[in-house]
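>>> below is the structure, and that's it, no one-letter string:
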């Protein structure tokens, strides 16, 4: 899953497995419940870019929390809004911003990835 740009908005996908995949009774390596398949580890954007996150499936909930400063003035936590997406935010500050993602599936299981996803705003060429 890769971030996509549509109508000047960068959409960062979030996806997590909520079941184990089995093949003849043997678990496939790396495909366990709680395995994140998105967001991308690093998404690079420029200041002024509009950003949103979208979860698949849309009935899962998510919350993003920036570890330290946020590229979005006054915003440190981003919840899911409607249709599986967050609201849209405009990146302002230059820098590397690490965040954690917490996903709750339709059965109430919560999965977390901490500090690995990163949003790079204007520091790469």
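Done, it's in. Quick caveat: nothing in here was measured; it's all calculated off a predicted structure.
>>> what about residue 114, distance to residue 46?
As judged by Cβ to Cβ, to the nearest Å, residue 114 and residue 46 stand 26 Å apart. All C-beta atoms are positioned from the backbone trio N, CA, C, and that covers glycine.
>>> next one: residue 67
Distance from residue 67 to residue 46, by Cβ to Cβ: 22 Å.
>>> the strand ranked longest in the chain: which residues count as buried?
When the chain is parsed with DSSP state E, its longest strand is strand 95-104. Neighbour counts over strand 95-104 (16 or more other Cβ atoms under 10 Å) mark 97, 99, 101-104 as buried.
>>> mind putting those into CSV with distance to residue 83 and pLDDT?
Output for those, formatted as CSV (distance: Cβ to Cβ, whole Å; pLDDT from 0 to 100):
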residue, distance to residue 83, pLDDT
97, 25, 95
99, 21, 95
101, 18, 94
102, 19, 93
103, 16, 92
104, 17, 91
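>>> coming back round to it: the longest strand of the chain pairs with which strands, parallel or anti?
Using DSSP bridges, strand 95-104 pairs in its sheet with strand 61-66 (antiparallel), strand 110-113 (antiparallel), strand 118-121 (antiparallel).
>>> nearest to residue 16, out of the ones you listed?
strand 110-113 (5.0 Å; Cβ to Cβ).
>>> which positions in the closest one come out as buried?
Buried residues in strand 110-113, defined by neighbour count with 16+ other Cβ under 10 Å: 111, 113.
>>> change the start of the numbering to 30 and stick with it
Sure, I'll start counting at 30 from here, so that last one is strand 139-142.
>>> any idea of the mean pLDDT in it?
Average pLDDT, strand 139-142: 90.
>>> one more: stretch 46-62?
For stretch 46-62, mean pLDDT rounds to 61.
>>> quick check: residue 144 touching residue 96?
Yes - here residue 144 reaches residue 96: they are 5.3 Å apart, a contact under Cβ atoms under 8 Å.
>>> looking at these two, which one has more neighbours?
The residue with more neighbours, out of residue 144 and residue 96, is residue 96; 15 against 11, by other Cβ atoms under 10 Å.
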